[in-house]
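Engineer: just need the structure, nothing else, for what follows:
(chains A and B)
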Amino acid sequence: MKIRTHAKPIIAAGLCLAITATSLMIAACDTAGGAMVMQRKAPASERADSSMNAAGRWEPATSTNTPAPQSPPRFAGAPEFDLHTTLGGRPNGDAAPPSVLDYPSDWPKVTYSRGNASPTNRMESNALQAYRNKRDMNGDGDFTDSIAIQGNDITRADKETELLIIERRHAAHRAEQDTLGCGGLITTIDEKQVTVPLKHTDVKASIAGYISAVNVTQQFTNPYTSKIEAVYVFPLPENAAISDFIMTIGDRHIRGIIREREQAEQIYAQARAQGHTASLLTQERPNIFTQKVANIEPGKQIDINITYYSTLTYSDGGYEFTFPMVVGPRFNPPGTTDGIGAAPRNNPAQPNATEITYLRPTERTGHDISLSLDIDAGVSMESMESRTHKIDVKRLGESRARVTLSKLDSIPNRDFVLKWQVAGESIKSTLLAHTPDNSANKGGYFTMMLVPPKDLKFVPRNPVELVFVLDRSGSMNGIPMRQAQAAISRGLERLQPGDSFQIIDFSEDASQMGPAPVEATETSIAKGQRYLATLDAHGGTYMIKGLRASLDFPHDPRRLRFVTFCTDGFIGNEAEILGEVHKRLGSSRIFSLGVGSCNRYLMDSMARMGSGVATYLDHKDSAATVMDAFFDRISHAPLADLKVDWAGAHITEVFPSRVPDLFVGRPVILAGRYQGELPSSIRVHGLAGGDRHTIEVRATRSDSQLANAALSQVWARAKLTEIADQSAWDTSNPELTQTAKRTALDYNLMSPFTAFVAVDTATRTAGDYGTTVNVPVPTPQGTRYDTTVEGR
Amino acid sequence: MRATHHTLTAVLLILTATIAGAWAPQPANDSRNIVIPQPIPTRQVQFLAYDILIDSGAEPLAAYQIELKDTQSHARIVGIEGGEPGPYNEAPHYDPKAIQAERVIIGAFTTANAPTGKVRVARLHIMAEGGTPDFATTITTAAPHGRAFTATLTIQPTSKPSGDRQ
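Structural biologist: Modelled structure (predicted):
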């Protein structure tokens, strides 16, 4: 029996220290003419045990070696008040914002310094706003009264908003619970440790060129005194070809069997009822899965190991590896029959097919994550960075590196994104082929990466009609909304004479700046900027209304229309949306801009069906940079009407079956099958700006064990994606379901119609199957709990 | 070592091709197969475990491939476990197309420390409904350098471990 230990308390404490030292701008106060002045807080080591003296000045810690403070800073003489700062987010901001003058006289006085008083002054005084709210933060009937003062960080190009939060609490009730929180950027008080049966997730990825093999191990334990069934809803990449599933009990490894979903569910239910340890993996969306583990006895650990293959995204000179860590809270419009519900922890279930329970902002579980990647880029790597997480990088050569997620950044509350630039001109169109050893007909599988020709950059664009569609629902409240607004604002700035634009926004309803596209003039753009600034995020996500409003919008046929959706995509009715895209697309192209740890399945699918490209804007990205890249992409005509000359080779079932248009900086990947021999070179022809362009593709046989194992799975996954896209609009075609099911079973793949089940029939546990425990998850960093889980 | 690895890989390829070409379960000419049934009441759903043992005698077991199917159609495969600690401890891969017909084709090989004598190479987990499974089996085994040899395959119910509560 292996014994696994994890130094979580140490990691958690380290995380707290790191966040406190590097991310938080904890306000310190200094008296200046009777008013307190905001200052950047000293490093954690200096602040430990700090307190404010009677004169309103923060005093340094008496010992520089003491650990992180155990509670937020308090105001001298007013211990019921706490002080926090964070980047972004209006705290509990459904109350009407009072002016700064409304600041209550009986609260501690806090003002921002003005002008150029201090280089550490990060606030722009004329942007100050104050918000007050009173809310039951913990759901325990105890209210917290808070005031937030908001200003823009003028030291950052995107003027990231910073908040100073002052809270008045019921100190007597919580005195024993106060701990310093470490759940992301926001320092919280009263953080409660919630016991859950998921202890740890370990991710190990190997990358060869643009193909990745990822091994995910989830460690389930039973910390309770009676038997449980653990249920965990979790994300994986939307293009993951999940082909292996192993349940480990001690030193025993039981490989799960792929079965039709209903069969697998029946087997699991029977095994659970008879006391056998069993596990079931089902797919709720291409990027959302449910893991169930039945009959975990007290103190026991069951590991679930999942392996998948996928292709990486390449754009603008670099590859991107993404690993999603949390599912955002979805909104399900009335009538949604297959929704993904979001419910507070311990609250009754909602009537949705899948239910995710969320931790309150003041709660934290011990579940953490470790992640490592072995990268063999195949070409020289120039730089590597993750803007979402802290990483340790070990270079193992020009083209190889080992990347590890920092132990100080192990809370799974946002997507992990790693990008590496490769040497210029080193990426060429290639076809990678492999014939499986047991192939009966000497047939094989291939992937083909088509890189846009260089001269595409010199093809000028025609005037465009840009329709910005902004999701202003509750889940966008705070950082996501500001990021989306900043991106659209930049987009308006980049419009050229001859272009036209419109802004459409939606939550419960759709509204728009005007009834038709307007010419891009200085005056109209200024009007657009003003309209954009008035938009606030709240309410449900009726994306269908925004979609109809934007695609049915009057169109000027002289211009190319680009519809840009700026959203987190946190909805449960994706199929309805995608069906509507197909029905109403017309001549529009859809470019989706996913904000934060968003629903990438929806973003990618909309862009794919809309003949466009999906782009992602993390909270730490510069919105201007991301929008500039978007404009660079649409500033040149794409290479369209692509036709592949296979040079007589016997090629079958290439997916996607319609070769997507090639935009500057964005290659596409095709997957197909062949029989017999492949030619050494293949040509792809297309049209851009009225001119014919040709891409030469060199065909090679894979010598990578990883790629050899992956190619057939990647092909089968691409086929399932094509079927799923068609199913969104061809809803009454039973053949699609049968084909998808057959493909998934033949290739051992997860799909909506198949599931992995594993049962340990060698042992039985005593009693019935015990209590079902849902693993609660945090809301994604930047997504507010009160406007999503609680507010819906 | 590298040459040995290639040889064994080649052996496995041959074994795979052989099995792929002969889907119907049939006993191997040079192997003895022993199947010990585990009686269960009719119409009752039971979960059963079967140990898959290979006795290679004095020959080192460098590779094997086994095919088995319940001729009574009572068994549904619900998991395939690895063997006893040693080179065959990892759970073997199965043929996904065969498993759709409740036919199990598994195989594994080792490039070092090939065991001799009787060794549990895998454990089969099944859900049986309506009667007792009756397995038809096929086995192919090879020693290092790809030399085929005769081995005895035994499929027997897993004895209840001491930790079992019922």
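Engineer: which strand or helix spans the residue nearest the centre of chain B?
Structural biologist: Nearest to the mean C-alpha position of chain B, by C-alpha atoms, centre = their mean, lies B:I66 at 4.5 Å. Taking DSSP states H and E as the definition, one finds B:I66 inside strand B:63-70.
Engineer: buried ones in stretch A:432-452?
Structural biologist: A:432-435, A:444-452 (16 or more other C-beta atoms under 10 Å in any protein chain shown). For glycine as for every other residue, the C-beta is placed from the backbone atoms N, C-alpha and C.
Engineer: picking that back up, thinking the residue nearest to the centre of chain B is in contact with B:F135, fair?
Structural biologist: No. At 10.2 Å, B:I66 does not count as touching B:F135 under the criterion of C-beta atoms under 8 Å.
Engineer: ok so, going back, which residue sits closest to the residue nearest to the centre of chain B, ignoring its sequence neighbours?
Structural biologist: Once flanking residues are discounted, B:I66 sits nearest to B:I139: 5.2 Å by C-beta to C-beta, 6 or more residues apart in numbering or on different chains.
Engineer: measure the one you found to B:R123 for me?
Structural biologist: Plainly put, B:I139 is 16 Å away from B:R123 if you go by C-beta to C-beta, to the nearest Å.
Engineer: does A:I296 touch A:P197 like I think?
Structural biologist: Yes. Taking contacts as C-beta under 8 Å, A:I296 lies within contact range of A:P197: 6.7 Å.
Engineer: any common contacting residues for the two?
Structural biologist: Residues touching both A:I296 and A:P197 (C-beta atoms under 8 Å, 6 or more residues apart in numbering or on different chains) are A:220-222, A:228, A:230.
Engineer: which parts of stretch B:73-84 are buried?
Structural biologist: For stretch B:73-84, a neighbour-count test (16+ other C-beta under 10 Å) marks B:74-83 as buried.
Engineer: also stretch A:702-719?
Structural biologist: A:702, A:704, A:706-719.
Engineer: how many neighbours does B:A63 have?
Structural biologist: Neighbourhood size, B:A63 [other C-beta atoms under 10 Å in any protein chain shown]: 24.
Engineer: now do the residue lying closest to it once chain neighbours are set aside against B:I80, distance only.
Structural biologist: Excluding the flanking residues, the one nearest B:A63 by C-beta to C-beta, 6+ apart is B:F109, at 3.8 Å. Taking C-beta to C-beta as the measure, B:F109 and B:I80 are separated by 16 Å.
Engineer: sorry, back to before: if we check chain A, which of the buried residues of stretch B:73-84 are in contact?
Structural biologist: Contacts with chain A within the buried residues of stretch B:73-84, as defined by C-beta under 8 Å from any C-beta of the partner chain: B:76-82.
Engineer: which of those fall in strands?
Structural biologist: Residues of these located in strands (DSSP state E): B:76-82.
Engineer: the top helix by length along chain A - what's its average pLDDT?
Structural biologist: What stands out as the longest helix in chain A, according to DSSP state H, is helix A:705-729. Per-residue pLDDT over helix A:705-729 has a mean of 94.
Engineer: where does residue 146 land on pLDDT?
Structural biologist: In the absence of a named chain, this looks at chain A. pLDDT, A:S146: 59.
Engineer: correction: the question concerned chain B.
Structural biologist: So, for B:G146, pLDDT stands at 90.
Engineer: any idea how many residues pack against it?
Structural biologist: A count of nearby residues for B:G146, using other C-beta under 10 Å, gives 19.
Engineer: pull up the per-residue confidence for the residue nearest to the centre of chain B.
Structural biologist: 96.
Engineer: report the separation between it and A:L456.
Structural biologist: Going from B:I66 to A:L456 by C-beta to C-beta gives 55 Å.
Engineer: and A:T313, what does it touch?
Structural biologist: A:319-320, A:322.
Engineer: bridged to it, which residues?
Structural biologist: Legend: beta-bridge partners of A:T313 under DSSP bridges are A:E320.
Engineer: distance of it from A:G676?
Structural biologist: Plainly put, A:T313 is 32 Å away from A:G676 if you go by C-beta to C-beta.
Engineer: so where is the stretch 201-350 of chain A shaky, pLDDT-wise?
Structural biologist: Scanning the stretch 201-350 of chain A with the threshold set as pLDDT under 70 gives A:348-350.
Engineer: spell out which residues of it are next to chain B.
Structural biologist: Contact residues (C-beta under 8 Å from any C-beta) of the stretch 201-350 of chain A with chain B: A:246-247, A:251-258, A:263, A:267, A:270-271, A:274-276, A:278.
Engineer: those, buried ones only, as a ChimeraX selection?
Structural biologist: A single ChimeraX command is used to select the members of these judged buried by 16+ other C-beta under 10 Å:
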select /A:246,247,252,253,254,255,256,257,258,263,267,270,271,274,275,276,278
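Engineer: now, the residues of the stretch 201-350 of chain A next to chain B that are in helices?
Structural biologist: Per DSSP H, those map to helices at A:263, A:267, A:270-271.
Engineer: and the furthest pair within the buried residues of stretch A:702-719?
Structural biologist: Farthest apart among the buried residues of stretch A:702-719 by C-beta to C-beta are A:S704 and A:K719. That separation is 22.0 Å.
Engineer: dump stretch A:624-638 to PDB, restricted to CA.
Structural biologist: C-alpha atoms of stretch A:624-638 as PDB (Å, rounded to 0.1, in the frame of the first residue of the first chain):
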ATOM      1  CA  ALA A 624      -5.400  46.500 -25.900                       C
ATOM      2  CA  THR A 625      -2.700  43.900 -27.000                       C
ATOM      3  CA  VAL A 626      -5.300  41.200 -27.500                       C
ATOM      4  CA  MET A 627      -7.600  43.500 -29.500                       C
ATOM      5  CA  ASP A 628      -4.600  44.700 -31.600                       C
ATOM      6  CA  ALA A 629      -3.800  41.100 -32.500                       C
ATOM      7  CA  PHE A 630      -7.400  40.700 -33.500                       C
ATOM      8  CA  PHE A 631      -7.200  43.700 -35.800                       C
ATOM      9  CA  ASP A 632      -4.000  42.500 -37.300                       C
ATOM     10  CA  ARG A 633      -5.800  39.300 -38.100                       C
ATOM     11  CA  ILE A 634      -8.800  40.900 -39.800                       C
ATOM     12  CA  SER A 635      -6.700  43.600 -41.400                       C
ATOM     13  CA  HIS A 636      -5.800  41.200 -44.200                       C
ATOM     14  CA  ALA A 637      -8.000  39.100 -46.400                       C
ATOM     15  CA  PRO A 638      -8.000  35.400 -45.300                       C
END
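Engineer: quick one: pLDDT of residue 101?
Structural biologist: Since no chain was named, I'll use chain A. 34.
Engineer: actually it's chain B I care about, not the one you picked
Structural biologist: Note for B:A101: predicted pLDDT of 93.
Engineer: with B:G82 instead?
Structural biologist: 96.
Engineer: pretty sure it sits against B:A91.
Structural biologist: Yes. If you go by C-beta under 8 Å, B:G82 and B:A91 touch, sitting 4.4 Å apart.
Engineer: need the residues touching each of those two.
Structural biologist: Shared contacts of B:G82 and B:A91, defined by C-beta under 8 Å, 6+ apart, are found at A:253, B:122.
Engineer: in space, what's closest to the residue of the stretch 101-250 of chain A found nearest chain B - neighbours in sequence excluded?
Structural biologist: Using C-beta to the nearest C-beta, the single residue of the stretch 101-250 of chain A nearest to chain B is A:I246, 5.8 Å away. Sequence neighbours aside, A:N305 is the residue nearest to A:I246 in space, at 4.3 Å (criterion: C-beta to C-beta, 6+ apart).
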